[in-house]
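Peer 1: my questions are about this predicted structure, shown below with the sequence.
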Amino acid sequence: MRNPFKKLDRGFFLIAFIVLLFLVGAVVLYILFHSDSVSDLVNRNESFSVLTVVHDGDTEEIVFSNIMFYSPVTQRAGFLDIPKNAGELLPSLKRIDRIDAVYKPGNPGKYKEAVEHLINDEIEFTVDMEIDDLGRLVDLLGGIEVFVLNPKDIPGDDGMIYSIPLGSYRIDGFKTPFYLKDCMSGELQNEVMVFTNDLYAEMGLQSEFITKKSVFRKIFSFMETNWDK
């Protein structure tokens, strides 16, 4: 006896195959022609800003935060330090308080809104990191050049004492948290902004290395960000 559904089954699988081909083609075209949000802004010569927030993983308090303003026209960036104890009217809390009162590690949305209200301008992108993860990023890049004004000795877990010497110095990931915390406690915010600038610059210089799939996946895991991958 002939199966009355045999012809129907063939037609169904043919249609399913055509739909699958269409979906695969649509995905391929999207990948080929879709540009990320940063590239769109750069191609239109529109400036954009990035709020970088670095927090202590143990206390969950902000170590430092600053805004990078980048102009595709001049290809230059400027930085603005955001004091974590700056007072501001916080709509979400319905009171005047320190802007870091609304900060939550890994979810800087409300903090971003408070900073935007403080500077009266929109911020396009955010990067939020634990300071130890920032140190790991510095190690991946082979260190960052800094100028040390406050030399410091650091006790290591192995019982050794490690020094951050006075003067120009290429700092590694282990010493990065100590250096940055010391700068902030010593009111050397400009040094921290120079560090952030040099960090972005170093990533630019090593773009071929950091865009390798395995390296990029590691770097992206260090941060919470709304930047397009």
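Peer 2: In hand now; what should we look at?
Peer 1: hmm, Asp56 is touching Glu130, no?
Peer 2: Yes. Counting by C-beta atoms under 8 Å, Asp56 touches Glu130, with 7.5 Å between them. No exception for glycine: its C-beta is placed from N, CA and C like everyone else's.
Peer 1: those two: who's more crowded?
Peer 2: Glu130 (21 against 15; other C-beta atoms under 10 Å).
Peer 1: so in the protein, where's the weakest helix or strand by average pLDDT?
Peer 2: helix 6-33 (a mean of 58; mean pLDDT, DSSP states H and E).
Peer 1: the nearest residue to Gly143 once chain neighbours are set aside in helix, strand or coil?
Peer 2: Closest residue to Gly143 apart from its sequence neighbours, by C-beta to C-beta, 6 or more residues apart in numbering: Arg170 at 4.2 Å. Assigned by DSSP: H, G, I helix; E, B strand; the rest coil, the conformation of Arg170 is strand.
Peer 1: got a list of contacts for the lengthiest strand in the chain?
Peer 2: Using DSSP state E, we find that the single longest strand of the chain is strand 62-71. By C-beta atoms under 8 Å, 6 or more residues apart in numbering, the surrounding residues in contact with strand 62-71 are 47-56, 76-82, 84, 100, 103, 111, 115, 119, 123, 131, 177, 180-181, 184, 189, 192-193, 196-197, 200.
Peer 1: then stretch 75-93?
Peer 2: Applying C-beta under 8 Å, 6+ apart, the contact partners of stretch 75-93 are 51, 61-62, 64-71, 95-103, 110, 113-115, 117-119, 189-190, 192-193, 196-197, 200.
Peer 1: let's see which of those residues end up in strands.
Peer 2: Among these, DSSP E puts 51, 62, 64-71, 95-98 in strands.
Peer 1: what segments of the chain are helices?
Peer 2: In the chain, the helices defined using DSSP state H lie at 6-33, 37-43, 109-119, 131-140, 176-185, 189-205, 207-210, 213-221.
Peer 1: in the fourth one, what's buried?
Peer 2: Neighbour counts over helix 131-140 (16 or more other C-beta atoms under 10 Å) mark Ile131, Asp132, Asp133, Leu134, Gly135, Arg136, Leu137, Val138, Leu140 as buried.
Peer 1: please name the residues that touch the residue nearest the centre of the chain.
Peer 2: In the chain, the residue lying closest to the centroid (C-alpha atoms, centre = their mean) is Val127, at 3.0 Å. Contact analysis of Val127 by C-beta under 8 Å, 6+ apart lists Val50, Leu51, Thr52, Val53, Met223, Glu224, Thr225, Trp227.
Peer 1: against Ile119, how distant is it?
Peer 2: Distance check for Val127 against Ile119: by C-beta to C-beta, to the nearest Å, it reads 17 Å.
Peer 1: the residue nearest to Leu118 when sequence neighbours are not counted: how many residues sit nearby?
Peer 2: Of all residues not flanking Leu118 in the chain, Glu88 sits nearest, at 5.1 Å (C-beta to C-beta, 6+ apart). Neighbour count of Glu88, defined by other C-beta under 10 Å: 16.
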